[in-house]
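# build me a model:
(chains A and B)
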Amino acid sequence: MSIRSQILLAAGSVAAMLALAPAHAQDSIKIGLILPMTGGQASTGKQIDNAVKLYMQQNGDTVAGKKIEVILKDDGAVPDNTKRLAQELIVNEKVNFIAGFGVTPAALAAAPLATQAKIPEVVMAAGTSIITERSPYIVRTSFTLAQSCTIIGDWAAKNGIKKVATLTSDYAPGNDALNFFKQNFTAGGGEIVEEVKVPLQNPDFAPFLQRMKDSKPDAVFVFVPAGQGGNFMKQYAERGLDKAGIKVIGPGDVMDDDLLNGMGDAALGTVTAHLYSAAHPSAANKEFVAAYKKAFGQRPGFMAVGGYDGIRLIYEALKKTGGKTDGDALIAAMKGAKWESPRGPIMIDPETRDIVQNIYIRKVEKVDGELYNVEFATFEAVKDSGKTKK
Amino acid sequence: MTTLFTILFDGVAYGMLLFVLACGLAVTLGLMNFVNLAHGAFAMTGGYICAVLVNNQGWPFFAALPLAFVTAALVGVALERTLYRHLYTRSHLDQVLFTIGLTFMSVAAVDYVMGSSRIFIKLPAALEGQFDFFGVGIGRYRLMIIVICGLLTVALQLILAKTRFGSRLRAAVDDPRAASGLGINVPQVFAFTFAFGCGLAGLGGALSAEILGLDPYFPLKFMIYFLIVVTVGGSSSITGPFLASLLLGIGDVAGKYYVPKMGPFVIYTIMIVILIWRPNGLFGRAAAR
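Residues are numbered from 1 along each chain as shown, chains lettered A, B, ... in the order given. I've put the predicted structure just below:
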């Protein structure tokens, strides 16, 4: 190809893009979905992406006369990428929402951009309390760690567990989990007999578990990143902690529906507090689980529910504003929104823009040959205590 | 006192596992002078083969282990003949670039085919749990690792030191030109050695799934550990990496038990101290080639 024809081609394609762009921008509403689709957090990204697709299949891709267009970007859970992608989406693609965010640093990295561009940032996964305080345009549909950790602390103290050894991964969410648990558990009269923080990249739990066993607690409180929960449970059983009568308690992240079946019977009897179980006995959830299984061949976990509710919140807000995409109007429409999610009744707190939801105490049991978190107690309308205590 | 023995036992099992995973690297790096950072990818291959056979095809665990070895070795020999061969004479930088690229490709490929979440291999009931031996808790699975890896080590040492193949290999490494002049088929010896190293990694990968966890990032996560074993042990023999693996395994487990706050650094501290004391590793050759 000669240089002249290359220039002509380039000029032609630029002209074509310019001609297409404005027509495109007017009649569609764009959602920039930034998720970790590769790397260690990829299962989070895939679940949310699936759930968003499912919701749009079920409810159509038009709201208030406008077509919804989702642009998926992979940040690999690296905050620098998140920031760059969010900027590209806002400046080049002119998106009306940014959504997703698999981990806390990613959600925080995008926060100043949401403030500057005055567009809603819908957090569908990341769970640290401070996130919603970083921009008046952040709304969360997932959970905060404080919600499940304080509840399991209260529950343990009231249900005959006196001495607890803790094993948490040494990173921000792990430390959060530990502090919230400790605060409520010791306030309820419990005692922490051993406190171990394990490195995040930890290949072998054996020495830490031996330490747990030797300190003879009633229960072990555990918080490790989702993927490591299975290894932990297997080694817990291998070392005979279950036979020594030591229970496992924790926030439900460790017993994610996504991974539960792979853990084997070692996980039976584990008690966790969490916002969602695929076994939640409501009609809305049964329908959701069936549709999700049919579409993607596996059961949804709590990350999928965060994504499902997130896209629903965007749809509802657009309905209220009649398709107007003014950021402040959308945030106003999202505040106080209430609906029946697959996880149960939820609400967006009008003051904090954070989620208010039921936290369930569940026990791992075998249902039809598969492992499920079966709910047996409910704490209703739990707010994020990370904020209310201030 | 019994706790001390349990810790020691866990440490030995962990060290043995490290050894089987890393000794292939010691062979390629030390004997063939080739930097193969993709070593972990072969371990991962073995691990996933074993997982698929046991979980999906219903094979017994002990039948799947040899197949993990064979498959990883076959993949190894195929890659050696097609790709690695061309890099033997290139600089170490080229080798590093090539093999790290291969590692990233393997990570992406496994992520695509098998998904990114961690997988487990269903173990026979006989291997689960712990039994009491004079008050010392002995994990059945870890005991099996020690037995298998111990036998392998003895066999390896015998092959290298006593057999004709071993002497050919050592000759081919010391001076490839003279060796081929004596009628030794040097490329064949290297290909076979490389395949064997990959096979061992595959076996190690299958054995380690239970303890270290198996996901597509395995080759990257454990590359550091393999390299530590080889640098600390020195790469001129099998004994060096073996002792280094045991030392690191026991040091790591004991460090995490007794000083959990320092846990992750113990293994690095050991490495730094040993390398200051003996820069070429425990059994390194005095001068570089």
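# from now on I want contacts and neighbour counts done on CA atoms only, so please keep to that.
Noted.
# which residues touch residue A:86?
When contacts are counted by C-alpha atoms under 8 Å, 6 or more residues apart in numbering or on different chains, residue A:86 touches A:32, A:34, A:98, A:110, A:113.
# helices of the stretch 151-289 of chain B, start to end?
Defined through DSSP state H, counting those that start in this stretch, the helices belonging to the stretch 151-289 of chain B, from first to last, are B:164-174, B:176-181, B:186-212, B:218-233, B:239-258, B:263-277.
# so which other helices or strands are in contact with the second one?
The one in question is helix B:176-181. Counting contacts by 3 or more C-alpha pairs under 8 Å, 6 or more residues apart in numbering or on different chains; DSSP states H and E, helix B:176-181 packs against helix B:164-174, helix B:186-212.
# next one: the longest one
Helices and strands in packing contact with helix B:186-212 are listed as helix A:229-238, helix B:2-26, helix B:39-51, helix B:61-82, helix B:164-174, helix B:176-181; criterion 3+ C-alpha pairs under 8 Å, 6+ apart.
# save those helices as TSV, and put in mean pLDDT too.
Formatted as TSV, the helices and strands packed on helix B:186-212 follow (pLDDT from 0 to 100):
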stretch	mean pLDDT
helix A:229-238	82
helix B:2-26	87
helix B:39-51	92
helix B:61-82	91
helix B:164-174	85
helix B:176-181	86
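# okay if I get the ones you listed as CSV plus distance to residue B:141?
As requested, the helices and strands packed on helix B:186-212 are arranged in CSV below (distance: least, C-alpha to C-alpha, whole Å):
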stretch, distance to residue B:141
helix A:229-238, 8
helix B:2-26, 9
helix B:39-51, 16
helix B:61-82, 12
helix B:164-174, 32
helix B:176-181, 42
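# now do the contacts for residue 219.
Since you didn't name a chain, this refers to chain A. Counting by C-alpha under 8 Å, 6+ apart, residue A:219 has contacts A:161, A:163-165, A:246-249.
# that's the wrong chain, I meant chain B
For residue B:219, the contact set (C-alpha under 8 Å, 6+ apart) comprises B:38-41, B:43-44, B:103, B:107.
# so which of those residues is the closest to chain A?
When the contacts of residue B:219 are compared for distance to chain A, the smallest value, 9.5 Å, is given by residue B:107; criterion: C-alpha to the nearest C-alpha.
# where does the stretch 201-350 of chain A come near chain B, residue by residue?
Counting by C-alpha under 8 Å from any C-alpha of the partner chain, the positions of the stretch 201-350 of chain A adjacent to chain B are A:203-204, A:206-208, A:210-211, A:227-228, A:231, A:234-235, A:237-240, A:259, A:262-263.
# for the contacts of residue A:219, which one is nearest residue B:4?
Distances from residue B:4 to those, taken as C-alpha to C-alpha, are shortest for residue A:165 (20.6 Å).
# could you verify that the closest one is part of a strand?
Yes: the assignment for residue A:165 (DSSP: H, G, I helix; E, B strand; the rest coil) places it in a strand.
# so which of the helices and strands packed on helix B:186-212 is the most surrounded?
Each of the helices and strands packed on helix B:186-212 was assessed for mean neighbour count using mean count of other C-alpha atoms under 10 Å in any protein chain shown. The highest is helix B:39-51, with a mean of 30.
# before we move on, back to that, for residue A:41, which of the helices and strands packed on helix B:176-181 is the nearest?
Ranking those by their distance to residue A:41 (criterion: C-alpha to C-alpha) puts helix B:186-212 first, at 18.0 Å.
# now the closest one and helix B:61-82, what's the angle there?
Using axes from the mean of the first three to the mean of the last three C-alpha atoms, to 10 degrees, the interaxial angle of helix B:186-212 with respect to helix B:61-82 works out to 140 degrees.
# save the contacts of residue A:219 as CSV, and put in pLDDT too.
Supplementary listing: these in CSV, determined by pLDDT from 0 to 100:
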residue, pLDDT
A:161, 90
A:163, 92
A:164, 93
A:165, 92
A:246, 89
A:247, 89
A:248, 90
A:249, 91
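# turn these into a markdown table, columns for distance to residue A:372 and neighbour count.
Rendered in a markdown table, the data for these read as follows (distance: C-alpha to C-alpha, whole Å; neighbours: other C-alpha atoms under 10 Å in any protein chain shown):
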| residue | distance to residue A:372 | neighbour count |
| --- | --- | --- |
| A:161 | 23 | 18 |
| A:163 | 27 | 22 |
| A:164 | 24 | 29 |
| A:165 | 25 | 23 |
| A:246 | 21 | 19 |
| A:247 | 17 | 18 |
| A:248 | 15 | 23 |
| A:249 | 15 | 25 |
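# OK, contacts around the residue lying closest to residue B:130 once chain neighbours are set aside?
Closest residue to residue B:130 in three dimensions, ignoring its sequence neighbours and counting by C-alpha to C-alpha, 6 or more residues apart in numbering or on different chains: residue B:139, at 4.1 Å. Taking C-alpha under 8 Å, 6+ apart as the definition of contact, the neighbours of residue B:139 are A:238-239, B:128-131.
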